[in-house]
Structure formats: C-alpha cells, structure tokens
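K.L.:
This is a predicted model, with the sequence first.
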Amino acid sequence: MKNTLRSLATASALVLMATSGALAEWKPSGPITMLIGFAAGGGADTQARMIAEELEKRHGWQIIPEQATGGGGAKLSAKIKDMPNDGTVIGLAVTETYGYNMLANPKAGYTQADITPLTTTAGFQMGIVSQTSKGWNDFGDVIAAAKGGESIRFGTMSPRIADIAFLLGEANDVEFNIIEVKGGKAVMNGVNAGDMDVGFMAGIQAKGVAAGDLVNLASALSTPLKMSPDVKRMDAYGVDFVLDGYFVFVGPGGMPSDAQKAISTAIADIVNDPSTKAGGFIKKAFGGPATISGSELGGLLAADAADAEKLMMAVN
C-alpha cells in the first residue's frame with residue numbers, strides 16, 4: 001500500500017491529460033450542485049467554496065454549494081448516487097469515504113461503483129501532535145510516559161484513526177485512553193485545552209507547529225511530514241498501516257467521459273494555481289495541491305479499500 005501511494009503521489013502531476021479542447025466543448029446543462037461532506041466553516045468547506053467561486057469565474061458555470069454531512073462522507077455518497085450523472089452534480093469527500101468508511105458501514109448503501117472519481121485536490125499532513133509544553137520530542141516519549149503510569153488521552157477523529165491509535169498502544173504494550181471527536185479542529189482544540197494529551201491532526205496543526213506551541217511527534221503518512229520532515233513514521237513504533245488520504249471530488253456513477261474530464265481538469269487547474277484563492281489556501285492549509293485523477297485515482301481508491309480491510313482484520 002505504501003509503495004502504491006508513493007508512486008501515485010509521484011505521478012499526480014501527470015495524470016490530468018485532458019486537452020483544453022475538452023473544457024471548451026463541454027458545458028453543463030444547468031447549474032452544478034456541489035455537495036460538501038464537511039461542516040460549514042472548516043478547511044474542507046472553505047476550499048470547496050473557493051473552488052466553486054473560481055469555477056464560476058473561469059468557466060461561467062453556476063455552482064450551488066450544499067452541505068451533505070454525516071457518516072464520514074456516507075450521507076453524501078448515498079445521496080449523490082441517485083442524482084443526475086450528466087455533470088450537474090459533484091461532491092467533495094475524502095478517499096477514506098470509499099475505503100474504511102464504506103466497509104465499516106455497509107448499511108450506508110453505496111459502493112465505489114456508485115460514484116465517478118473526478119480528482120483529488122490535496123493530501124493530508126497527518127501527524128501525531130501534542131503541546132510543546134508536554135516536553136515530548138517524539139512519540140517514543142509518549143510511550144515512555146504511558147509505561148511510567150501516566151494516563152494518555154489520545155484524540156482521534158474517525159473510527160479508522162481510532163483503530164490506528166489502538167494498534168499503536170497494542171504494539172508498544174500500553175493502553176491509551178482513546179477519545180473520538182468530530183474533525184481535526186476538535187482534536188486540536190482538545191489538545192490545546194489540555195483535555196487531550198496527544199492527537200492525530202491532518203494539517204491543521206501547521207500554524208501551531210510554526211509558532212512553537214505544538215509539536216509533531218510522528219508522521220502518520222507513508223512519507224515525511226512537510227512541516228516536520230525529521231520525525232519518524234509510525235512503522236518505527238510497530239505499526240505498518242498509514243493514514244495517507246486525500247480530499248476527493250466525485251460525481252454519480254457512470255458520468256460521461258467528456259463531463260468527467262472537463263470537471264476534473266477545471267478543478268485541478270484551479271488548485272494547482274497558487275494565484276487563485278483556492279490554490280493559495282490549499283498550499284497554506286494542506287501543504288500544497290495533490291491532483292490525481294482518471295485510472296490512477298480509481299487505483300488509489302481500490303488500494304485504500306484493500307488496506308482498510310486489512311486494518312479491520314488486524315484490530316478484530
């Protein structure tokens with residue numbers, strides 16, 4: 001899985017090969033509803049609305065943002081699968097929606113076949129984070145504190161991430177008090193308030209790390225963290241699973257190829273342009289764009305689902 005994700009990330013700049021002619025020829029038949037699987041006001045919602053604004057500006061498409069939250073993207077996916085697949089409906093979720101979340105909640109009523117993958121916009125800078133005032137320099141210090149009798153409150157924001165926290169404890173013969181909340185902002189608030197000792201954060205920690213208030217103790221990715229490239233990955237602490245993930249735009253299943261290519265290319269062009277508000281925001285909040293589409297994106301989603309199945313087996 002790690003090698004697959006590395007190769008996909010390396011190729012991300014090359015996968016959008018649709019011509020400018022495809023953009024010029026395709027036009028939506030009406031307004032495009034953009035479903036957003038995240039709470040209003042957060043980083044994901046902000047990037048979606050900035051992308052919508054720029055799509056209108058560049059192409060004259062009317063974009064109607066609409067919140068569709070719940071179930072880690074499950075409600076968005078269950079809703080979008082029954083909507084028109086002509087390019088007038090798209091949605092922003094995360095790759096985890098079509099891996100762990102899909103397998104963990106089969107009653108949600110969607111599969112990867114029910115959506116058309118369009119393009120990713122950015123990856124997560126997922127790290128294990130604490131306040132600098134804790135005096136911990138890496139995750140080994142957290143393990144040592146736990147073994148010394150300290151109760152470690154470990155913040156997570158999804159069942160998949162909670163499973164990883166459990167495996168980290170199991171691999172190191174300690175038991176963490178795992179606290180699951182909604183969203184990385186809630187984890188950061190919990191750590192800053194002292195309600196959590198340590199927690200997973202997916203890039204929202206960047207400002208605090210830069211200011212010296214927060215410290216990345218480990219990378220939860222298959223690659224180093226951009227903001228803290230010297231910290232160890234989780235395999236150094238006995239866990240081979242990673243939390244690589246991306247924000248991903250999808251459409252209903254069976255979307256025509258001209259609509260799929262035109263929308264994917266239009267979104268990727270925006271997020272890869274640092275002069276746009278969306279591009280600038282993504283660089284600041286998520287370490288820069290990561291645009292993967294077409295068959296490469298389909299392969300990434302399939303690999304994510306296979307990895308999620310292995311993770312569930314490891315925990316159970």
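P.N.:
Perfect, thanks for sending it.
K.L.:
any idea how far residue 37 is from residue 295?
P.N.:
Distance, residue 37 to residue 295, using C-beta to C-beta, to the nearest Å: 24 Å. (Each C-beta comes from the backbone N, C-alpha and C, glycine too.)
K.L.:
ok, those two, which is more surrounded?
P.N.:
More neighbours surround residue 37 than the other of residue 37 and residue 295, with 28 against 9 (other C-beta atoms under 10 Å).
K.L.:
Distance check, that one against residue 72.
P.N.:
8 Å.
K.L.:
got any residues that touch both of those two?
P.N.:
Taking C-beta atoms under 8 Å, 6 or more residues apart in numbering as the criterion, residue 37 and residue 72 both touch 94, 97.
K.L.:
Residue 115 bridge partners, please.
P.N.:
On the basis of DSSP bridges, residue 115 takes part in beta bridges with residue 252.
K.L.:
what's the burial count for it?
P.N.:
Using other C-beta under 10 Å, residue 115 is surrounded by 26 other residues.
K.L.:
before we move on, what about residue 288?
P.N.:
With other C-beta under 10 Å as criterion, residue 288 counts 16.
K.L.:
What's the per-residue pLDDT of it here?
P.N.:
Looking at residue 288, its pLDDT is 92.
K.L.:
quick one: it and residue 192, what's the gap?
P.N.:
Distance of residue 288 to residue 192, given as C-beta to C-beta: 25 Å.
K.L.:
any idea which element the residue lying closest to residue 135 once chain neighbours are set aside lies in?
P.N.:
For residue 135, ignoring the flanking residues on the chain, the nearest one in space by C-beta to C-beta, 6 or more residues apart in numbering is residue 141 at 7.5 Å. Per DSSP states H and E, residue 141 falls inside helix 139-147.
K.L.:
Which neighbours in the sheet does the next helix or strand after that helix have, and how are they oriented?
P.N.:
Remark: after helix 139-147, the chain's next helix or strand is strand 153-156, criterion DSSP H and E. Sheet pairing of strand 153-156 (DSSP bridges) gives strand 177-180 (parallel), strand 198-201 (parallel).
K.L.:
so of those strands, which one's packed in deepest?
P.N.:
Greatest average neighbour count among the strands paired with strand 153-156 goes to strand 198-201 (a mean of 27), per mean count of other C-beta atoms under 10 Å.
K.L.:
average pLDDT for the very next helix or strand once past it?
P.N.:
Note on strand 198-201: by DSSP H and E, the next helix or strand toward the C-terminus is helix 206-211. What helix 206-211 shows for mean pLDDT is 94.
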